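Student: For reference, the sequence and a predicted model appear below.
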Amino acid sequence: MGKNYKHLPFLSMLVLTIMFLDAVLEYKPLQMPFGTMMASSFVFPLWFILTDIITEIYGPKISKKVLWSAFTCQLIISIVTTILIRQKSPATWMNQSAYDLILGHLPRITLSNFISIMLSGYININLLAKWQRLLKGKYFWLRSIGASFIAELLYSSIAVTLIGYQIFTLHQISTMILWSCAMKITYSTILAAPATLLVAWLKESEGIQFEFEKNPLSNNQTLSSI
């Protein structure tokens with residue numbers, strides 16, 4: 001767009017941070033009163049909220065660039081980590097199993113994230129942008145919940161199955177998918193109102209003016225406000 005946005009770099013780093021947290025916490029199961037969940041399920045729903053905010057303010061093209069950039073960084077970390085932790089350590093080193101347990105699965109997680117995040121991420125971004133045009137920019141909170149619900153259902157089904165295969169039982173995987181979806185949808189619903197306020201603040205702070213504001217009488221106007 002030819003403009004230096006003040007808040008986009010920080011929002012992009014948050015997206016990357018969430019992806020890293022998701023990778024590290026992916027194999028940490030939590031025993032909840034209602035069943036088994038992955039610890040990452042408490043973190044990754046924020047990814048969809050942030051993606052919705054970036055898409056709403058900066059547009060789907062920039063949002064997709066952030067998605068690809070974050071995945072590229074995750075891929076680099078996965079490759080470097082996998083190579084280095086497999087190198088020979090001193091005979092006195094007794095903690096190799098800890099590295100293997102936490103970081104040894106990064107290639108598998110990265111592959112599953114590529115499939116699940118790219119599919120669900122693109123669907124989430126495209127749905128939000130399409131509904132933005134159809135609804136002339138209104139009801140961001142409703143569009144965000146609707147797009148996130150569809151994308152999160154797809155992400156949880158793919159990611160949990162690929163990551164948990166041959167590690168957890170089928171019953172555990174099914175339970176994880178169920179409660180992971182429920183957690184993500186709950187997050188999206190609770191954070192919809194704060195996200196809407198943040199969208200309004202970012203729009204004003206970035207000094208963004210959309211076409212409908214420049215020429216409100218135009219028949220070809222596109223609305224991107226909340």
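Tutor: Received, thanks.

Student: what's the spacing between the helix or strand containing Gln31 and its chain's center?
Tutor: Following DSSP states H and E, one finds Gln31 within strand 29-32. Relative to its chain's centre, strand 29-32 lies at 21 Å (Cα atoms, centre = their mean, to the nearest Å).

Student: packing partners for that strand?
Tutor: Other elements packing on strand 29-32 under the criterion 3 or more Cβ pairs under 8 Å, 6 or more residues apart in numbering; DSSP states H and E are strand 35-38, helix 170-205. Where C-beta positions appear, they are placed from N, C-alpha and C, glycine not excepted.

Student: Single out the most deeply packed of those.
Tutor: Across the helices and strands packed on strand 29-32, averaging neighbours per residue (mean count of other Cβ atoms under 10 Å) puts strand 35-38 on top, at a mean of 20.

Student: that older thread, which one of the helices and strands packed on strand 29-32 lies nearest to Ser63?
Tutor: Between Ser63 and those, the shortest separation by Cβ to Cβ is 13.1 Å, and it involves helix 170-205.

Student: measure Phe48 to Ile18 for me?
Tutor: Distance of Phe48 to Ile18, given as Cβ to Cβ, to the nearest Å: 10 Å.

Student: the more surrounded of those two?
Tutor: The residue with more neighbours, out of Phe48 and Ile18, is Phe48; 27 against 21, by other Cβ atoms under 10 Å.

Student: which element is the closest residue to that one other than its chain neighbours on?
Tutor: Once flanking residues are discounted, Phe48 sits nearest to Ser148: 4.5 Å by Cβ to Cβ, 6 or more residues apart in numbering. According to DSSP H and E, Ser148 maps onto helix 140-164.

Student: list the helices and strands that helix packs on?
Tutor: Of the remaining helices and strands, those touching helix 140-164 by 3+ Cβ pairs under 8 Å, 6+ apart are helix 45-58, helix 106-134, helix 170-205.

Student: Now tell me which helix or strand of the protein has the poorest mean pLDDT.
Tutor: helix 211-214 (a mean of 52; mean pLDDT, DSSP states H and E).

Student: Now do stretch 176-189: everything it contacts.
Tutor: By Cβ atoms under 8 Å, 6 or more residues apart in numbering, the residues outside stretch 176-189 that reach it are 29, 32, 34-38, 41-42, 44-46, 48-49, 144-145, 148-149, 152-153, 155-157, 160-161, 164, 168.

Student: do that again at 7 Å, thanks
Tutor: With contacts defined as Cβ atoms under 7 Å, 6 or more residues apart in numbering, stretch 176-189 is touched by 34-38, 41-42, 45-46, 48-49, 144-145, 148-149, 152-153, 156-157, 160, 164.
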